[in-house]
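Enquirer: following is a predicted model, sequence given first.
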Amino acid sequence: MGKGGSLTEGVLRKILLSYAYVGIWIFLSFTVIVFNKYILDRKLYGWPYPISLTLIHMSFCSALAFVLINVLRLVEPVSMSRDLFLNSVVPIGALYSLSLWLSNSAYIYLSVSFIQMLKALMPVAVYSIGVALKKDAFHMKTMLNMLSISLGVAIAAYGEAKFDAWGVMLQLGALVFEATRLVMIQILLTSKGINLNPITSLYYVAPCCFVFLLIPWFFVELPILRENSSFHLDFWVFGSNAFCAFGLNLAVFLLVGKTSALTMNVAGVVKDWLLIAFSWSVIKDTVTPVNLFGYGLAFLGVGYYNHLKLQALKAKEAQKKAAPEGNDEEAGRLLEEREPEATGEKRVSQA
């Protein structure tokens, strides 16, 4: 083929690879969510200990990240001072542990479909916290969009057949902590030029999560586990569950690294609809017409939010290309600072 044909093949290969990354991420994210629900739901596997499950994930991910970085040396470690670790990574690890704990706890009380509907509020939480911490500017147009998403989720909650107030509080709390974590990553790490991929992020953050989770685990779940002496940890169930959680982080790295965080956000909407369909058809969760109407309204709001993000990223990319050579680094940093805000996805024990 000529030069034009080679170019066409290269573009086609890139498109196919992008779809492959999206497919792998959706599959692993889907698997982790359903797997966690299976383990934690009292009517399924019947092991309702979310802190313990998250501790298993954190210990497994910490150990595997350590091996990949220090033994196999497949990933280069990030140079980090003690002060930066204590002032930046530790607070982010604390927020992450709370987010994972509460989100996994919600699986005990809520259906998979309804949890995915509640997760549509992530852009609302990220934007609101960003404005409160002066990381984002307030725009009435954006706020109206956030209100439309909130209205849609409220309608979906009103139509939920098995509404559980405690479960909703747990999931909303998880969203608030995760949104705060995403904003803090921008403030504490990205603004200082520290960019962690999922492996190095787990290497530093997962041990912090493990330590923070030990405190509530010691008082809340350890006494119950001691009384339940008949239970034996199934290596294949929990090992494969932790491995899937780690694989999800690798998929995130591939998807965001090879495409963009916005692509992952858009793919997340597709994954949510698939999970709702799976929850209704296979798990036999009740999904009402009011549920679907409310989530459909929220979906339109999230879609418009993603459209605005895409326009903003295009504008910044154009600014980067038009900037003088000396300002390329600064323009690139501006673009990178916007990407964590677009993700809105949990990484390890949830998706």
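Expert: Done, it's in.
Enquirer: please count neighbours and contacts with C-alpha atoms only from this point.
Expert: Fine.
Enquirer: burial of residue 130, as a residue count?
Expert: 22 (other Cα atoms under 10 Å).
Enquirer: for residue 275, same thing?
Expert: Other residues near residue 275 come to 23 when the count uses other Cα under 10 Å.
Enquirer: for it, what are phi and psi?
Expert: Main-chain torsions, residue 275, degrees, to the nearest 10: phi -70, psi -40.
Enquirer: these two touch, right, it and residue 113?
Expert: Yes - the criterion here is Cα atoms under 8 Å, and residue 275 meets it with residue 113 at 6.4 Å.
Enquirer: what comes up buried for the longest helix along the chain?
Expert: Identified as the longest helix of the chain according to DSSP state H is helix 3-40. Under the neighbour-count criterion of 16 or more other Cα atoms under 10 Å, helix 3-40 has 18, 21-26, 28-40 buried.
Enquirer: pLDDT below threshold where in the chain?
Expert: Applying pLDDT under 70 to the chain picks out residues 1-7, 229-231, 257, 261-262, 323-351.
Enquirer: how does it look with 80?
Expert: Applying pLDDT under 80 to the chain picks out residues 1-12, 14-15, 189-196, 198, 228-233, 253-266, 310, 312-314, 316-318, 320-351.
Enquirer: picking up where we left off before, against which helices or strands is the longest helix of the chain packed?
Expert: For helix 3-40, the packing partners by 3 or more Cα pairs under 8 Å, 6 or more residues apart in numbering; DSSP states H and E come out as helix 90-109, helix 112-118, helix 235-258, helix 261-281.
Enquirer: at 7 Å what do you get?
Expert: Secondary-structure packing of helix 3-40 (3 or more Cα pairs under 7 Å, 6 or more residues apart in numbering; DSSP states H and E): helix 90-109, helix 235-258, helix 261-281.
Enquirer: what distance separates the start and the end of stretch 220-237?
Expert: Taking Cα to Cα, to the nearest Å, stretch 220-237 runs 23 Å from one end to the other.
Enquirer: what sits against residue 212?
Expert: Going by Cα atoms under 7 Å, 6 or more residues apart in numbering, residue 212 touches 94, 97.
Enquirer: which SSE is immediately downstream of the strand or helix carrying it?
Expert: Element membership for residue 212 (DSSP states H and E) is helix 198-220. Proceeding N to C from helix 198-220, the next assigned helix or strand is helix 222-227, under DSSP H and E.
Enquirer: tabulate the CA atom coordinates of that next one in CSV.
Expert: The C-alpha trace of helix 222-227 is given here as CSV (Å, rounded to 0.1, in the frame of the first residue of the first chain):
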residue,chain,number,x,y,z
LEU,A,222,-12.9,-8.3,64.2
PRO,A,223,-15.1,-9.1,67.3
ILE,A,224,-17.8,-10.5,64.9
LEU,A,225,-15.3,-12.5,62.9
ARG,A,226,-13.9,-14.0,66.1
GLU,A,227,-17.4,-15.2,67.1
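Enquirer: now do the buried residues in it.
Expert: residue 222.
Enquirer: give me the contacts around it.
Expert: By Cα under 7 Å, 6+ apart, helix 222-227 touches no other residue.
Enquirer: can you give me the offset of that helix from its chain's centre?
Expert: 30 Å (Cα atoms, centre = their mean, to the nearest Å).
Enquirer: how about stretch 62-69?
Expert: For stretch 62-69, the distance to the chain centre is 21 Å (Cα atoms, centre = their mean).
Enquirer: next, the residues that contact that stretch from outside, please.
Expert: So stretch 62-69 is contacted by 74, 75, 76, 77, 199, 202, 203, 206, 207 (Cα under 7 Å, 6+ apart).
Enquirer: for stretch 220-236, measure first residue to last.
Expert: Stretch 220-236 has its terminal residues 25 Å apart, counting by Cα to Cα.
Enquirer: tell me what angle the longest helix of the chain forms with helix 235-258.
Expert: Using axes from the mean of the first three to the mean of the last three Cα atoms, to 10 degrees, the direction of helix 3-40 lies 150 degrees away from that of helix 235-258.
Enquirer: name the residues of the helix or strand just after helix 3-40 that are buried.
Expert: Toward the C-terminus, helix 3-40 is succeeded by helix 50-66 as the next helix or strand (DSSP H and E). Buried residues in helix 50-66, counted by 16+ other Cα under 10 Å: 50-62, 64-66.
Enquirer: tilt between whichever strand or helix holds residue 316 and helix 261-281?
Expert: Per DSSP H and E: residue 316 is located in helix 289-322. Counting by the same axes, to 10 degrees, helix 289-322 points 170 degrees away from the direction of helix 261-281.
Enquirer: list the buried ones in helix 289-322?
Expert: In helix 289-322, counting by 16+ other Cα under 10 Å, buried: 290-299, 301-303, 305-306, 309, 313, 316-317, 319-320.
Enquirer: for it, what is the distance to the chain centroid?
Expert: Using Cα atoms, centre = their mean, the offset of helix 289-322 from its chain centre is 17 Å.
Enquirer: how near is residue 167 to residue 8?
Expert: 50 Å.
Enquirer: next, residue 137: secondary structure please.
Expert: coil (DSSP: H, G, I helix; E, B strand; the rest coil).
Enquirer: I'd like the distance between it and residue 319.
Expert: Residue 137 sits 19 Å away from residue 319, going by Cα to Cα.
Enquirer: which phi and psi does residue 287 have?
Expert: phi -120, psi 110.
Enquirer: what number of residues lie near it?
Expert: 21.
Enquirer: check whether it really touches residue 279, as I assumed.
Expert: No - shown here, residue 287 and residue 279 do not form a contact pair, counting by Cα atoms under 7 Å, at 8.5 Å.
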